[in-house]
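Trainee: What would the 3D arrangement of this be:
(chains A, B, C and D)
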Protein chains: 2
Amino acid sequence: MAESAQTIHAELIAVLVAVTRGVPRVLTLADGSALPEGPLEPTHRSLQAGLRAWVERQTHHPLGYVEQLYTFADQARSAEARSEGRSISISYLGLTREAAPQGAISWQDWYRYFPWEDRRSETKREPTLLEAPIRDGLARWQGRDATRRMRVANAFGLDGVAWNEELVLARYQLLYEAGLVHEAARDGRAAHGALVSGTPMAADHRRILATAISRLRAKIKYRPVVFELLAESFSLLDLQRCVEALAGQRMHKSNFRRVMEAQNLLEETGKFTSGPGRPAKLFRFREAIRAERDITDTRLPMVRT
Amino acid sequence: MAESAQTIHAELIAVLVAVTRGVPRVLTLADGSALPEGPLEPTHRSLQAGLRAWVERQTHHPLGYVEQLYTFADQARSAEARSEGRSISISYLGLTREAAPQGAISWQDWYRYFPWEDRRSETKREPTLLEAPIRDGLARWQGRDATRRMRVANAFGLDGVAWNEELVLARYQLLYEAGLVHEAARDGRAAHGALVSGTPMAADHRRILATAISRLRAKIKYRPVVFELLAESFSLLDLQRCVEALAGQRMHKSNFRRVMEAQNLLEETGKFTSGPGRPAKLFRFREAIRAERDITDTRLPMVRT
DNA sequence: TTAATTATACTCAAATTGAGTATAATGGAG
DNA sequence: CTCCATTATACTCAATTTGAGTATAATTAA
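Mentor: Numbers count the residues shown, from 1 in each chain, chains lettered A, B, ... in the order given. Coordinates of the predicted model:
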């Protein structure tokens, strides 16, 4: 590569996730239309440190788990970027607990942006149906193209393929390519039908959010990170509801329990819940697990429908 | 985040991998002591496009699969960076086939940098032993610290924990923290014993390589990316050897075969190998799989020892 | 022709997974 | 106080997947 100096502007962009009463939420600006972002400051020792400091200043809440998502640098990303030189955006996923939002910041149900990703209401006799704009729009877009047909079938679980909850980004990407989401129309793509439901976001923020959800859905299956989203002590059902909220799928209760017990991640607090029904044991995550969270494996049993 | 303009320099850094005759290789500069890197040029439309163009110009070989690894921006990353403003490095993993290197470029066996990661010679009666500097150095470093002991046991498969081939980065990181690799000494860390064997690299290149290996070892289990490393047609044993080279572990032959056949990723070419022993059927990856490579799942059976 | 070598086809037991039933312990309605 | 709705927890069982190994087939080289 030839040597070439150029001014580059670097931004951090954060997807902060919390789960409150069964709803997975994401921190947003401007009435839910954008993710929080800001320039990388010279005082920051590292990217991660910069993000942590900034988030904690904004939300007054500690940031548990942080993971880098993706770095974007497309030249056409925004008009200003083009005129004043390249801009690099480094996106992060952060897990936290919901705190009272300040100013223009608000927590939004992430399924507001991806209604088709929430399949928790599915039952055996009533399999989830994709809404008409998705079905028809994709059908029109794929036409007789074998590769497109296969991409659609795999991403959306059609033609005998099972639904894979991790393919959030692949699904959004397809809807974008088919011109079925608002952002595609905004970016001047030909539409193949009516727009699907789901709130759009500024720039490529909805794509970044899709990336974050994909990553998190994959992560919870093999790394114990959920506890960053839960209270200090919780029942097994609390834990299951939290995982289901993230995965967008219901799980089999006794099997979930069996797996969690086999993994030895939890310890009993000795206390119990109260409320309707038999009281449930309260658990906490073992201290060693918190320290070891990058190494230990976790698994989750899904329900196959 | 407060507004603050500053000059930032962005670099791309590539981990290019090929597998030749059972040896996983990585493209290096300067006699194997550094990974190829170069500044991001203004002409590049996107990061990925920039990397592709640059690599193909250097190696005269098409770059099959490309995946972003990680973006680093630690201020202390190098002395020049500190003096002339912040530098951001965006690292990539690329899969290709080995071509004749030009100039200062050379292909190196990646186990040269991580000898402890190659366990292919292990047999049931002769489990792999960690070399003395690793065992003793880590033992000295962990002392009686419970968290350290657990990290070591999990990462290196001690105390009844199984070896997990994906933890390449965690292992390198531990050796670095314990002051047992050359880079740690260079960065002024206290040593806890003799240095372990394995060639050091410039700056944090060995860490980046460890990240790449971790990612690739995880990836081959659920995404059909290996074919980017293989010739157009290959026998099942070729495929198995390639996967084993990456994973650093031997696999069970008939089970490997069973899994590969069940996944329907391959199709017979109708041709056969010649050479010693019974001729093997030659396969190729199904065309649809190449198109679908980001979506379909793959699984691999390992040998448990 | 035989031995060495590699491929391929089966078999079998152990472990894991998906799904469901039975029983226990609460609070609230009557 | 009793019954019922509700939730927790403990088991059971079959299907599938996985780990490991054996038997047989088709080559080349000696």
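Trainee: mind listing what's buried in the host helix or strand of residue A:49?
Mentor: In the assignment (DSSP states H and E), residue A:49 maps to helix A:47-59. Neighbour-count burial for helix A:47-59, counted by 16 or more other CB atoms under 10 Å in any protein chain shown, picks out A:47, A:48, A:50, A:51, A:52, A:53, A:54, A:55, A:58, A:59. No exception for glycine: its C-beta is placed from N, CA and C like everyone else's.
Trainee: Number of residues surrounding the residue of chain A at minimum distance from DNA strand D?
Mentor: The nearest approach of chain A to DNA strand D comes at residue A:277, 2.1 Å away (CB to the nearest atom of the strand). By the criterion of other CB atoms under 10 Å in any protein chain shown, residue A:277 has 8 neighbours.
Trainee: same thing with residue A:70?
Mentor: Counted with other CB under 10 Å, residue A:70 comes out at 20.
Trainee: Pretty sure residue A:27 sits in a helix.
Mentor: No - assigned with DSSP: H, G, I helix; E, B strand; the rest coil, residue A:27 falls outside any helix and is strand.
Trainee: Mind listing the residues bridging to it?
Mentor: Beta-bridge pairing for residue A:27 (DSSP bridges): residue A:107.
Trainee: Touching, it and residue A:101? I think so.
Mentor: Yes - assessed by CB atoms under 8 Å, residue A:27 is found in contact with residue A:101 at 7.5 Å.
Trainee: Now the residue nearest to the spatial centre of chain A, what are its backbone angles?
Mentor: Central residue check for chain A by CA atoms, centre = their mean: the C-alpha nearest the mean position is that of residue A:213, 2.0 Å away. The phi and psi torsions at residue A:213 (degrees, to the nearest 10) take the values phi -70, psi -40.
Trainee: mind listing what it touches?
Mentor: Residue A:213 is in contact with A:110, A:114, A:117, A:168, A:169, A:246, counting by CB atoms under 8 Å, 6 or more residues apart in numbering or on different chains.
Trainee: Could you provide the residues you listed in CSV, with additional columns for pLDDT?
Mentor: Shown next, in CSV, are the contacts of residue A:213 (pLDDT from 0 to 100):
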residue, pLDDT
A:110, 97
A:114, 98
A:117, 96
A:168, 94
A:169, 92
A:246, 96
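Trainee: Of the residues you listed, which pair is most distant in space?
Mentor: Maximum pairwise distance among these (CB to CB): 15.0 Å, between A:169 and A:246.
Trainee: following the helix or strand harbouring residue A:214, which helix or strand shows up next?
Mentor: Here residue A:214, judged by DSSP H and E, is contained in helix A:205-219. Next in sequence after helix A:205-219, counting helices and strands by DSSP H and E, comes helix A:236-247.
Trainee: Indicate whether that next one makes contact with DNA strand D.
Mentor: Yes - contact check for helix A:236-247 against DNA strand D, using CB under 7 Å from any atom of the strand: residues in range are A:236, A:237.
Trainee: picking up where we left off before, which strands or helices does the helix holding residue A:49 pack on?
Mentor: strand A:8-20, strand A:65-72, strand A:86-95 (3 or more CB pairs under 8 Å, 6 or more residues apart in numbering or on different chains; DSSP states H and E).
Trainee: Buried ones in the first one, by neighbour count?
Mentor: If I follow you right, that is strand A:8-20. So, applying 16+ other CB under 10 Å, buried residues of strand A:8-20: A:8, A:9, A:10, A:11, A:12, A:13, A:14, A:15, A:16, A:17, A:18, A:19.
Trainee: Surely the third one is in contact with residue A:50?
Mentor: No - under the criterion of CB under 8 Å, residue A:10 makes no contact with residue A:50, lying 9.6 Å away.
Trainee: between those two, what contacts are shared?
Mentor: residue A:40.
Trainee: Assign residue A:24 to helix, strand or coil.
Mentor: Quick answer, by three-state DSSP: residue A:24 is strand.
Trainee: Phi, psi for residue A:150 please.
Mentor: Torsion angles, degrees, to the nearest 10, at residue A:150: phi -70, psi -40.
Trainee: What is the neighbour count of it?
Mentor: Residue A:150: 19 neighbours (other CB under 10 Å).
Trainee: repeat for the one 3 residues further on
Mentor: Neighbour count of residue A:153, defined by other CB under 10 Å: 17.
Trainee: what's the helix or strand for it?
Mentor: With DSSP H and E as criterion, residue A:153 is part of helix A:146-156.
Trainee: The following helix or strand past that helix to strand A:65-72, inter-axis angle?
Mentor: Proceeding N to C from helix A:146-156, the next assigned helix or strand is helix A:168-177, under DSSP H and E. Angle of helix A:168-177 versus strand A:65-72, following axes from the mean of the first three to the mean of the last three CA atoms, to 10 degrees, is 30 degrees.
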